[in-house]
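A.B. asks: here's a sequence, model it:
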Amino acid sequence: MYDVGPDWREPYLQALDAHGGKQYLASASVGIGAKQVRDEMHRSEDFAVRVKEITELHADRLEQAMEDQAHATGNPVGYIVRLKALRPALYLERHLAMSITATAEIPAGDARQLLAHALGAMLDVTTQRVLPAPGEQRELDASKDASKPSLS
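C.D. replies: Got it, this is the predicted structure:
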């Protein structure tokens with residue numbers, strides 16, 4: 001992008017620290033392109049290490065400020081975030097997603113019963129939105145886009 005000569009590295013590192021580890025802002029502030037920085041990081045292990053150290057130092061400062069704020073306000077969010085980082089096995093939420101695709105021809109009544117069983121673990125409010133109320137007749141409209149199922 002720009003060629004500012006070989007002396008851009010130290011001003012860049014100072015700008016990186018001043019901009020809190022934000023590489024694009026640091027690059028722009030010394031008149032070089034982010035690609036020039038990436039290329040230099042590939043060429044010079046020492047430069048890459050210094051960039052990483054500055055970025056990690058900023059992350060440590062943010063974490064400390066977050067913990068200080070949690071302590072000062074009594075709001076535990078900062079502590080929770082740190083525990084998630086330090087002990088992810090204990091504090092990260094776990095989600096399981098499963099996708100099953102099957103083709104079968106079964107009577108409509110059986111299909112409703114199967115669907116009701118499969119959705120049985122849903123919260124009542126979700127169930128009310130998805131399943132028809134007792135006595136209500138709703139049929140799946142197969143003429144609509146299969147990627148956007150709807151009840152009609």
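
A.B. asks: His19 contacts Ala28, doesn't it?
C.D. replies: No: applying CB atoms under 8 Å as the test, His19 and Ala28 come out as separate, 9.2 Å apart. Any C-beta I mention is one placed from the backbone N, CA and C, and that applies to glycine too.

A.B. asks: got any ranges where this structure has weak pLDDT?
C.D. replies: 1-6, 96, 120-131, 138-152 (pLDDT under 70).

A.B. asks: where is the longest helix in it?
C.D. replies: Ordering each helix of the chain by length in residues (DSSP state H) puts helix 45-73 first.

A.B. asks: thinking Ala59 is in contact with Gly20, fair?
C.D. replies: No: applying CB under 8 Å, one finds Ala59 not in contact with Gly20, separated by 9.3 Å.

A.B. asks: the domain parsing of the chain - what is it?
C.D. replies: The chain is divided into the following domains under automatic domain parsing: 6-91, 99-152.

A.B. asks: ok, back up a step: flag every buried residue along whichever helix or strand comes after the longest helix of the chain.
C.D. replies: The helix or strand immediately downstream of helix 45-73 is helix 77-86, counting by DSSP states H and E. If you call a residue buried by 16 or more other CB atoms under 10 Å, then helix 77-86 has these buried ones: 78, 82.

A.B. asks: how about the helix or strand just after helix 77-86 as CSV, C-alpha atoms only?
C.D. replies: Along the chain past helix 77-86, the next helix or strand (assigned with DSSP H and E) turns out to be helix 88-91. In CSV, the C-alpha atoms belonging to helix 88-91 read as follows (Å, rounded to 0.1, in the frame of the first residue of the first chain):
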residue,chain,number,x,y,z
PRO,A,88,-13.4,-23.5,30.1
ALA,A,89,-14.2,-27.2,31.0
LEU,A,90,-16.2,-26.0,34.0
TYR,A,91,-17.6,-22.6,32.9
